[in-house]
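Enquirer: Sequence and computational prediction follow.
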Amino acid sequence: DAGVIQSPRHEVTEMGQEVTLRCKPISGHNSLFWYRQTMMRGLELLIYFNNNVPIDDSGMPEDRFSAKMPNASFSTLKIQPSEPRDSAVYFCASSLTRDAEAFFGQGTRLTVV
Amino acid sequence: AQSVTQPDIHITVSEGASLELRCNYSYGATPYLFWYVQSPGQGLQLLLKYFSGDTLVQGIKGFEAEFKRSQSSFNLRKPSVHWSDAAEYFCAVGGQAGTALIFGKGTTLSVSS
């Protein structure tokens, strides 16, 4: 298996623009997680899905952030409009329902200027 | 509240010396515990995990960790550090399969020659 695949790896955008981050989880995994990593706050859970259903989105910073999982093999995290404070590395991870071990993608480094 | 504390932000160890990274957790139920490693610009890689059974668990790259319930700790150890071990290390706690992991802020390991 290729592991968790995220795209793009790097994104530079201007403040106010819409940004969409994409994730393909490991085939067969039922849980998907979006994390954000910054120097100040470390790794923060934004949202996670179980069987494509959002279970906990309490970590989503504000209404500018939204996440979807239309099927078991694809998820998006959208920021609209983006702001400089959204600059961070965004990680997607997936895990089997029976196993709490999470497998991480390489991350998307987002820079909002 | 569930939380993970890694008391050491940065540790420097001489190559060949032993290593211990500390991790304390707060969790309301039986925890699943994990150590991940992150090299610069990379995603997180699982080093080892504890679900149940033997409290001393072996992981990849010669790492081990010991679960001590009475101390709410899960410290990571390695008897002899190699220069390639320089990275950031994260401790994480989870519970029911399919729930999100909670991460500590991480410990940066530097290895001196």
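Expert: Nice, I can see it. Note that this is a predicted model, so its numbers are computed, not measured.
Enquirer: Mind pulling up the pLDDT for the residue most central in space within chain B?
Expert: For chain B, B:W35 is the residue whose C-alpha lies nearest the centre (Cα atoms, centre = their mean; 3.4 Å). Note for B:W35: predicted pLDDT of 97.
Enquirer: Apart from its chain neighbours, what residue comes closest to residue 20?
Expert: No chain in the question, so chain A it is. Once flanking residues are discounted, A:T20 sits nearest to A:K78: 5.0 Å by Cβ to Cβ, 6 or more residues apart in numbering or on different chains. In this view, the C-beta of every residue, glycine as well, is placed from N, C-alpha and C.
Enquirer: that's the other chain; I wanted chain B
Expert: By the measure of Cβ to Cβ, 6+ apart, the closest residue to B:E20 outside its immediate chain neighbours is B:R77, 5.0 Å from it.
Enquirer: After the helix or strand harbouring the one you found, which helix or strand is next? Please name it.
Expert: Assessed by DSSP states H and E, B:R77 sits inside strand B:73-78. Counting by DSSP H and E, the element after strand B:73-78 in chain order, helix or strand, is strand B:87-94.
Enquirer: contacting residues around the closest residue to B:E66 other than its chain neighbours?
Expert: Spatial nearest neighbour of B:E66, excluding adjacent residues (Cβ to Cβ, 6+ apart): B:L56 at 5.0 Å. Neighbour list for B:L56: B:E64, B:A65, B:E66, B:F67 [criterion: Cβ atoms under 8 Å, 6 or more residues apart in numbering or on different chains].
Enquirer: how far away is A:S27 from A:N71?
Expert: Taking Cβ to Cβ, to the nearest Å as the measure, A:S27 falls 12 Å from A:N71.
Enquirer: quick one: B:T107 from B:H10, how far?
Expert: B:T107 sits 7 Å away from B:H10, going by Cβ to Cβ.
Enquirer: Look at these two and report which has more neighbours.
Expert: Each of B:T107 and B:H10 has its neighbours counted (other Cβ atoms under 10 Å in any protein chain shown); B:T107 has more, 20 against 10.
Enquirer: Quick check: that one touching B:V13?
Expert: No. When contacts are counted by Cβ atoms under 8 Å, B:T107 is not listed as touching B:V13 (11.1 Å).
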